[in-house]
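[1] I'll drop the sequence and a predicted model, then ask my questions.
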Amino acid sequence: PTRRSSDLEMRFSATSGQLSFYIIPGYNYQEIFNNYKLLVGTQPLPPRWAMGNFMSRFGYTSEAQTKTIFNNMKKDSIPFDALIFDLFWFGDSIQQTLGNLEWTNKKAWPNPKKMITDFKKEHVKTILITEPFVVNTSSRFEESKKYQAVDSINNPFFMTDFYFGNGGLLDIFRNDTKKWFFDKYKAQMDIGVEGWWGDLGEPERHPSAMFHNLKDFGFDRKFGADEVHNIYGHYWSKMLYENYKKYYPHKRLFHLNRSGYVGTPRYSSFPWTGDVSRTWDGLKAQLPNIQGMSISGIPYVHSDAGGFSRSQPDSELYVRWLQFSVFTPIFRPHGTALGNLSNEENNIPSEPSEWPEPTKSFAKQAAIDRYKWLPYNYNLSYQQTAYGKLLMTPMFFINENDSNLYKATQQYMWGENVMVVPITDKGATTSTYYIPSGNWTNIHDFKEVKGSQWIKDEQINISNIPVFVKEGSFIPFVAPMQNTDEYNNKELDIFYYPSNTKSSYS
């Protein structure tokens with residue numbers, strides 16, 4: 001019988017391929033990570049608008065509905081830079097539509113090009129979802145069959161147990177498939193689409209009896225699904241990135257994709273933590289999840305802010321999640337609001353404008369704060385691209401010799417200068433956290449706190465979460481704006497947090 005891994009032993013197995021080990025040295029965690037990035041690369045700079053707020057839900061079902069919420073966001077002066085369309089852009093139902101990859105419902109979407117152009121005039125970019133599956137009820141099924149993964153006798157593999165419908169999976173490892181797939185992207189880019197969302201790319205349904213053709217990699221034999229499963233999302237992101245470089249050399253790619261591999265970030269992938277529940281446990285899980293993925297080399301991992309599915313509306317949870325997300329790599333409120341299309345999900349909005357007061361004001365303030373921190377956050381992106389520095393790290397990255405930092409798991413470092421303490425308990429009126437060595441300043445009341453101590457049961461309120469800046473830090477803030485096109489880096493407020501020792505900031 002197979003033995004399980006134990007504290008003294010780790011066991012690894014794979015369906016095929018060689019097992020390679022890389023020894024990565026370093027005197028501390030940051031140095032080890034820096035050396036790791038020399039091996040796998042860093043992520044290119046994102047478009048600056050990706051550091052702003054997104055208007056997003058599952059899902060907008062018509063131009064009229066979308067523009068109503070769009071106008072509400074504008075009327076309430078809630079800043080945002082991009083609008084994300086889920087699968088209803090290519091169909092009017094959740095199932096039986098994957099693979100259309102075009103605006104099929106002319107009643108719901110009478111003139112997509114004009115709609116996207118109208119959004120662009122308001123400085124809002126359009127992002128569309130795509131999936132690598134093509135179901136047999138879609139308009140492109142027949143033409144896509146020759147680009148699909150196959151069965152043991154080389155016929156397109158036909159899945160009959162896939163939630164979204166019966167059909168096939170694109171063989172992303174083939175050059176002709178990549179060209180066919182990217183042509184569908186380019187058609188939408190030609191009418192003004194700016195960014196992309198890749199979903200289900202694990203792939204979500206990938207039977208072991210399915211085979212892929214890797215002849216363009218120099219292999220003669222077919223590869224089973226289990227052999228290439230973990231690398232599928234990586235090559236999807238690579239396909240999009242390399243075509244972007246070819247056709248849009250002056251654009252920076254934003255590709256929201258929940259699947260990848262070691263090194264996928266160098267193809268501009270922005271993963272999220274999946275369809276997390278709209279619960280306090282769902283929020284709590286984001287702290288270890290995002291920190292763990294971050295120190296594994298995934299710099300832009302983030303969550304569906306506010307939670308995604310299956311719960312009752314909870315305004316406090318929504319506000320606390322957005323306050324936390326201000327200090328995560330991507331600020332993207334997203335959740336299920338299907339209206340009459342589903343009896344299984346509550347219709348809970350993800351946009352701040354769609355909540356009643358006082359929730360709306362608290363959520364709006366989180367969005368405003370996201371833009372206030374833009375120069376600091378965007379600089380973190382540069383530090384990541386140029387030097388492999390992380391945007392978000394566990395507390396023990398500061399000093400591996402301070403045992404208290406390993407216990408301080410309900411807080412984290414945002415860059416090298418800022419410490420964030422999310423509030424993840426319903427009805428919390430106090431917070432307990434650890435202050436590392438040195439002097440730290442609370443950004444809300446400018447009170448200085450001496451380090452190397454636990455602060456226990458400090459009073460808090462719903463308007464903000466504890467955020468501290470370490471001594472010697474320079475923090476650039478920017479005036480309020482409605483989108484990143486308004487950003488003026490010649491007019492910044494630079495806050496210096498005094499220290500008796502010399503410090504600098506670029």
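    Great, that's in hand.

[2] got the contact list for Lys74?
    Contacts for Lys74 (CB atoms under 8 Å, 6 or more residues apart in numbering) come out as Glu122. To be clear about C-beta, it is placed using only N, CA and C from the backbone, and glycine gets the same treatment.

[3] That one: what secondary structure?
    Look at Lys74: counting by DSSP: H, G, I helix; E, B strand; the rest coil, its state is helix.

[4] got a pLDDT number for Phe80?
    Model confidence at Phe80, given as pLDDT, is 98.

[5] What of the one 4 residues further on?
    The predicted local confidence for Ile84 comes out at a pLDDT of 98.

[6] Quick check: it is in a strand.
    Yes. The assignment for Ile84 by three-state DSSP puts it in a strand.

[7] Just give me the neighbour total for it.
    Other residues lying near Ile84 total 24 when counted by other CB atoms under 10 Å.

[8] ok, what's across the strand from it?
    Beta-bridge partners recorded for Ile84 (DSSP bridges): Ser56, Ile127.

[9] shouldn't it be in contact with Ser56?
    Yes. The pair Ile84 and Ser56 qualifies as a contact (CB atoms under 8 Å) at a distance of 3.9 Å.

[10] shared neighbours of these two, which are they?
    Between them, Ile84 and Ser56 have Arg332, His334 as joint contacts when contacts are counted by CB under 8 Å, 6+ apart.

[11] any idea how far Phe331 is from Tyr378?
    In this structure, Tyr378 lies at 13 Å from Phe331, with CB to CB, to the nearest Å as the measure.

[12] These two: who's more crowded?
    Shown here are Tyr378 and Phe331; by other CB under 10 Å, Phe331 has more neighbours (26 against 19).

[13] quick one, what contacts that one?
    Here Phe331 is in contact with Met51, Gly52, Asn53, Phe54, His302, Ala305, Leu322, Ser325, Ala366, Ala367, Arg370 (criterion: CB under 8 Å, 6+ apart).

[14] how about low-confidence regions in the stretch 101-250 of the chain?
    The model of the stretch 101-250 of the chain has no residue with pLDDT under 70.

[15] for it, what spans make up the strands?
    Residue ranges of the strands in the stretch 101-250 of the chain, as given by DSSP state E, counting those that start in this stretch, are 125-130, 133-135, 167-169, 195-198, 211-213, 222-224.

[16] can you list the ones you listed in CSV and add distance to Thr160 and mean neighbour count?
    Supplementary listing: these in CSV, determined by distance: least, CB to CB, whole Å; neighbours: other CB atoms under 10 Å:
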stretch, distance to Thr160, mean neighbour count
strand 125-130, 23, 22
strand 133-135, 11, 25
strand 167-169, 9, 26
strand 195-198, 24, 23
strand 211-213, 17, 22
strand 222-224, 19, 19
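
[17] Quick check: which of the ones you listed is nearest to Ile443?
    strand 125-130 (29.7 Å; CB to CB).

[18] Check the offset of the closest one from the chain's centre.
    The chain centre lies 14 Å from the centre of strand 125-130; the measure is CA atoms, centre = their mean, to the nearest Å.

[19] Likewise for stretch 219-233?
    Centre-to-centre, stretch 219-233 and its host chain are 26 Å apart (CA atoms, centre = their mean).

[20] How about stretch 228-243?
    On the basis of CA atoms, centre = their mean, stretch 228-243 is displaced by 17 Å from the centre of the chain it belongs to.

[21] If we go by neighbour counts, what in it is buried?
    Neighbour counts using 16 or more other CB atoms under 10 Å place 228-229, 231-241, 243 of stretch 228-243 among the buried residues.

[22] Pipe those into CSV and attach distance to Trp89 per row.
    As requested, the buried residues of stretch 228-243 are exported to CSV (distance: CB to CB, whole Å):
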residue, distance to Trp89
Val228, 29
His229, 28
Ile231, 28
Tyr232, 23
Gly233, 21
His234, 25
Tyr235, 24
Trp236, 19
Ser237, 21
Lys238, 24
Met239, 21
Leu240, 17
Tyr241, 22
Asn243, 20
